[in-house]
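>>> Just to be clear, the model below is a prediction. Sequence and coordinates:
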Protein chains: 2
Amino acid sequence: MNVFNDEIVKRILEKTRTIWAVTHALSLLSWDSETYMPPKGVEERSVAVGELTVLRQKLLLDDELVKLVEKSVDKKDLNDYEKGVVRVLNRHIRIAKALPPELVKELSKTSQEARVVWREAKKKDDFNKFKPYLNKIVELTKEKAEYLGYDDHPYDALLDLYEEGLLTREVDRMFGAIEPGIRKVFNRVMEDGDYPSTHPLEGEKYDEEKMKQLNIDVLNIFGYPFDKARLDISAHPFTNNMGIEDVRITTRYEGFDFKRSLLGTIHEFGHALYELQIDPALKFTPLAGGVSLGIHESQSRFWENIIGRSRVFVESFYEKIISRLDYVKKYSPEEVFKYFNTVKPSFIRVEADELTYNLHIILRFKLEKLLVSGEIKAEDTPELWNQEMEKLLGIRPRKYSEGVLQDIHWSLAAIGYFPTYSIGTLLSAQILHHISRDIPAFNENVSRLEFDDIKRYLYEKIHRWGSTYDPKTLLKMSFGEEMNPEYFLKYIKEKYIVS
Amino acid sequence: MNVFNDEIVKRILEKTRTIWAVTHALSLLSWDSETYMPPKGVEERSVAVGELTVLRQKLLLDDELVKLVEKSVDKKDLNDYEKGVVRVLNRHIRIAKALPPELVKELSKTSQEARVVWREAKKKDDFNKFKPYLNKIVELTKEKAEYLGYDDHPYDALLDLYEEGLLTREVDRMFGAIEPGIRKVFNRVMEDGDYPSTHPLEGEKYDEEKMKQLNIDVLNIFGYPFDKARLDISAHPFTNNMGIEDVRITTRYEGFDFKRSLLGTIHEFGHALYELQIDPALKFTPLAGGVSLGIHESQSRFWENIIGRSRVFVESFYEKIISRLDYVKKYSPEEVFKYFNTVKPSFIRVEADELTYNLHIILRFKLEKLLVSGEIKAEDTPELWNQEMEKLLGIRPRKYSEGVLQDIHWSLAAIGYFPTYSIGTLLSAQILHHISRDIPAFNENVSRLEFDDIKRYLYEKIHRWGSTYDPKTLLKMSFGEEMNPEYFLKYIKEKYIVS
């Protein structure tokens, strides 16, 4: 069905097809860089990516396109899809026009250098090496926020880049609400000892070929369409979409602690399903992609945590696991469930459990806000990081590499990105609330490893729309309410507090 | 070392870097389509390729670029590299400007349809299905030749697209010279029976994993740099270069008749080595690629035929072969050599041996010339094909699929392409003459499986220059003579006529 009828929007879409094609190519270049590119291809690849990124920006700022979009912004007689096209393009054009090319270039250059320096500094545990780069990135990022504009807090401008329309005060409110709640559950779990902090399965080795089969099993059970999707290997798992009929995920095989590979695969499946279930009518348009990082992460977290780490899923999937990984037989389904849900304060965000994960994000958000508002400088971050870590998680980094140098994001100048991880986690619990109400047999479905109803639900509520609605409008329309962190607190209480 | 100093050429190269990037992306899209793309990705992929191809054309015809190039065409104070840049771009611009976009679109549309129809027609052995498409393609191709322009024969304009500067009368002369010579040697071989027409090894099955190892062995022996090159699998083997530090070849594993996989790999290695040995100073420029299809094919044929099918190579490589493919032990090195060099008239060009291969090309060239000059129509081709086949190879197709529908090229509208295959074969023998004279230890090197001197020779004479010189200039400069088919006749006489 053709959903675009307005003549101006149709002309806009003709022009943006080329932009779509460049994005398609950039996606493949990026996927290839992490999977099959020979190592020495890196220089030519990075020149190509740089050139194509500039070219895409030029196509976006094409005079005719900009005029057509601006002319359509206040047009009343557009349907929701047509409005979506105009909204998305207008936003991209506004951002592209707001930022002076010199600033973009300077930020890109600085972050390219900073990434190398950060890696070195982390290895040598030498914060002083990285400090000037962090200061420079913060200064440039503050400039960027000024150019982008904001009503209240400069951090608003940065948040919006990753999560359209999200405001600092909203994050403040949500994080303020969950911090004490999470800490309470966390302390209880530490006291009760019902959820172990380590598990013998973490040390058990697996055969890579068998692990790969198990990953394919779980994807087949979820109905991952291998005729328009792939599973490959990369150092860090990711999802990349060339379109809605060519979506690719990766996982990793470390040879031990099989949940890392399995839950990583399930996480990426959640991202992939979002792209795969976008309405085919949106193909080749600016709407043919997930709407924001937070909504995207809600999908990956839903499959990884809400389904993948649930007792009912583990119990049902157990047979498959032991049919591939013979050594797991020594453990009962309940023990595998506990293994999937160990709770342990750790310095490393990406290895954090469901409970402590958001505390890591809260810490980073607090520091980023202070950096961007100018209340602190790079030199203040190591001590502040350690203090917050102790306060939130009860552990204190012994070295920079466990603390302020832990994450790559600041070296990438991706300030404002972290909160979207938590948004996704919180939303996944909110979706659980609604899906359990709307599909009363939700648990039975998972238990029977039948996911068609669940996938159809996600399709109707989120996936099919692509970027048609901004995140807030989408949530309101699909669930009748805005984002509410209470669902997450309810979820962790029910899961982790054994009464 | 920077070889570009002229200010205008430097400005030209700044502008063409974007074109290089789009070409880089198109190469990866093409490689991916044949290797890893999920099947349903094909629609989005073909839209992306179409858009990027049009975009590249637009970048090529950019006003400033065209003016800079035209201004530089007669500039006297340019070095050879700078002249090369101007020559290559001027040629591309001339071709792009000559062809009306409607004709290009019509040809592309027709050939896309024709490709599907040809496949169907070949399967059903129904020439009538394909006939109207062939007629239309020929008509459009004749128009194309008129727009491109030529001095003597319309076929000149088509040849030039694939082999810069090659004229129909030159091909006439060369093919006229080799046809009787090849047929004489061929008839002698058929009478003598020294080279068998079939071999028991053709039916022997191999284990795919072991065959893959053998292909990697031969590539390692040749010094294939796996840090900037890959070997993958595809239905039809090919080479694709993303740049000079990212070159990828493919081969196929049919499970039997191991020479097909091995010699296919060696053939593609020859193509890859050309790209890999281009002077790094030419990176990102229009010179960073092989100069023509014929010169490219001379490299693949040199490694496949001159080296790979030689007695001295087979004798030395034999140990490796039997270490991977145990069953080959039953055969002596001499028997493996004969297996690599069976001679048998066949209907299928791609399966033809060294001797009959050029006869297949001569047949196609004769028909193409007659079609383009208007002397025959599509309906005349089946009978003419069969007559020529009988005359040249002594066998007569029993059905269209063995005759006029055998090759895909006409359905792709690639008329004028075939002769480059023979050019490559003829040149490979000419290179053998020169390398044997310039490196007297050539045979000993091959026998010791030492290829450094040979690779350095090809680097100096051909590879390093990329597209700096047009094919004829390159040959003249490197070997002091123009293309001469006599070397090929000498080569086959020495190899096949056992005195």
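Structure received.

>>> Check A:Ser499 and give its pLDDT.
Note on A:Ser499: pLDDT of 62.

>>> Spatially, what comes nearest to the spatially most central residue of chain A if we skip its sequence neighbours?
The centroid of chain A falls nearest to A:Glu297 when counting by C-alpha atoms, centre = their mean (4.0 Å). Once flanking residues are discounted, A:Glu297 sits nearest to A:Gly424: 2.4 Å by C-beta to C-beta, 6 or more residues apart in numbering or on different chains. Where C-beta positions appear, they are placed from N, C-alpha and C, glycine not excepted.

>>> in the helix or strand where that neighbour lies, what's buried?
Here A:Gly424, judged by DSSP states H and E, is contained in helix A:419-438. If you call a residue buried by 16 or more other C-beta atoms under 10 Å in any protein chain shown, then helix A:419-438 has these buried ones: A:419-435.

>>> Same check on stretch A:202-214?
Residues of stretch A:202-214 classed as buried by neighbour count (16+ other C-beta under 10 Å): A:204, A:206, A:211-212, A:214.

>>> So it, near chain B or not?
No. Stretch A:202-214 is not in contact with chain B by C-beta under 8 Å from any C-beta of the partner chain; minimum separation 12.8 Å.

>>> what sits up against that stretch?
A:253, A:255-258, A:261-262, A:320-321, A:324-325, A:327-328, A:339, A:342 (C-beta atoms under 8 Å, 6 or more residues apart in numbering or on different chains).

>>> ok, so of these, who is nearest A:Ser447?
Of all those, A:Ser447 sits closest to A:Lys320, with 13.8 Å by C-beta to C-beta.

>>> before we move on, the earlier item: wouldn't the residue nearest to the centre of chain A be in contact with A:Phe418 here?
No. With contacts counted by C-beta atoms under 8 Å, A:Glu297 stays clear of A:Phe418, the gap being 11.1 Å.

>>> ok, which pair from the buried residues of stretch A:202-214 is furthest apart?
Once C-beta to C-beta is applied, those give A:Glu204 and A:Lys212 as the farthest pair, at 16.7 Å.

>>> where do the strands sit along the stretch 201-350 of chain A?
Per DSSP state E, counting those that start in this stretch, the stretch 201-350 of chain A carries strands over the ranges A:229-233, A:239-243, A:246-251.

>>> most tightly surrounded among those strands?
strand A:246-251 (a mean of 26; mean count of other C-beta atoms under 10 Å in any protein chain shown).

>>> when you scan that one, is anything in it near chain B?
Yes. With C-beta under 8 Å from any C-beta as the criterion, chain B is reached by strand A:246-251 at A:246, A:248.

>>> What is the neighbour count of A:Gly84?
The tally of other residues near A:Gly84 (other C-beta atoms under 10 Å in any protein chain shown) stands at 25.

>>> A:Ser467 is in contact with that one, correct?
Yes. In this structure, A:Gly84 is within contact of A:Ser467 by C-beta under 8 Å, at 6.2 Å.

>>> can you list residues touching both of the two?
Joint contacts of A:Gly84 and A:Ser467 (C-beta under 8 Å, 6+ apart) are A:Leu287.

>>> hmm, the longest helix seen in chain A in reach of chain B?
Longest helix of chain A, by residue count under DSSP state H: helix A:7-35. Yes. Applying C-beta under 8 Å from any C-beta, one finds helix A:7-35 touching chain B at A:17-18, A:20-22, A:24-26, A:28-29, A:32.

>>> Closest one to A:Arg169 out of those, please.
Distance ranking of the residues of helix A:7-35 next to chain B against A:Arg169, using C-beta to C-beta, places A:Leu26 first at 34.4 Å.

>>> quick one: contacts for the closest one?
Contact analysis of A:Leu26 by C-beta under 8 Å, 6+ apart lists A:49, A:52-53, A:56, B:25.

>>> Just the ones in strands from the residues you listed, please.
With DSSP state E as the criterion, strands contain none of the contacts of A:Leu26.

>>> okay if I get these as CSV plus neighbour count and distance to B:Leu107?
What follows is the contacts of A:Leu26, written out as CSV (neighbours: other C-beta atoms under 10 Å in any protein chain shown; distance: C-beta to C-beta, whole Å):
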residue, neighbour count, distance to B:Leu107
A:Val49, 18, 32
A:Leu52, 21, 27
A:Thr53, 16, 32
A:Arg56, 20, 29
B:Ala25, 26, 23
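
>>> Reformat these as TSV; add distance to B:Glu390.
Formatted as TSV, those follow (distance: C-beta to C-beta, whole Å):
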residue	distance to B:Glu390
A:Val49	55
A:Leu52	53
A:Thr53	58
A:Arg56	57
B:Ala25	47
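
>>> Can you flag which of those residues belong to helices?
A:49, A:52-53, A:56, B:25.

>>> Contacts only, for the residue of the stretch 301-450 of chain A found nearest chain B.
Relative to chain B, the nearest point of the stretch 301-450 of chain A is A:Trp303 (20.1 Å; C-beta to the nearest C-beta). A:Trp303 makes contacts with A:222, A:266-267, A:269-270, A:273, as judged by C-beta under 8 Å, 6+ apart.

>>> just checking, A:Tyr487 touches A:Leu432?
Yes. Between A:Tyr487 and A:Leu432 a contact is recorded at 7.2 Å, counting by C-beta under 8 Å.

>>> Just the CA trace of the strand or helix carrying A:Lys476, in CSV.
Assigned by DSSP H and E, A:Lys476 belongs to helix A:471-479. Taking Å, rounded to 0.1, in the frame of the first residue of the first chain, the C-alpha atoms of helix A:471-479 are listed here in CSV:
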residue,chain,number,x,y,z
PRO,A,471,9.4,8.7,20.8
LYS,A,472,7.0,10.4,23.2
THR,A,473,4.1,10.5,20.7
LEU,A,474,4.7,6.8,19.9
LEU,A,475,4.6,5.8,23.6
LYS,A,476,1.5,7.9,24.3
MET,A,477,-0.3,6.5,21.2
SER,A,478,0.7,2.9,21.8
PHE,A,479,0.5,2.6,25.6
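
>>> what does the stretch 51-200 of chain A put close to chain B?
Contacts of the stretch 51-200 of chain A with chain B, taken as C-beta under 8 Å from any C-beta, map to A:51-52, A:54-55.

>>> For A:Ala414, see how far away the residue nearest to A:Ile408 when sequence neighbours are not counted is.
Spatial nearest neighbour of A:Ile408, chain neighbours left out: A:Trp118 (6.7 Å); criterion: C-beta to C-beta, 6+ apart. Look at A:Trp118 and A:Ala414: by C-beta to C-beta, to the nearest Å, they are 12 Å apart.

>>> One more: A:Glu368?
Plainly put, A:Glu368 is 10 Å away from A:Ala414 if you go by C-beta to C-beta.

>>> Same question for A:Asp257.
Look at A:Asp257 and A:Ala414: by C-beta to C-beta, they are 28 Å apart.

>>> residue in the stretch 51-200 of chain A nearest to chain B?
A:Glu51 (3.5 Å).

>>> All set now, cheers.
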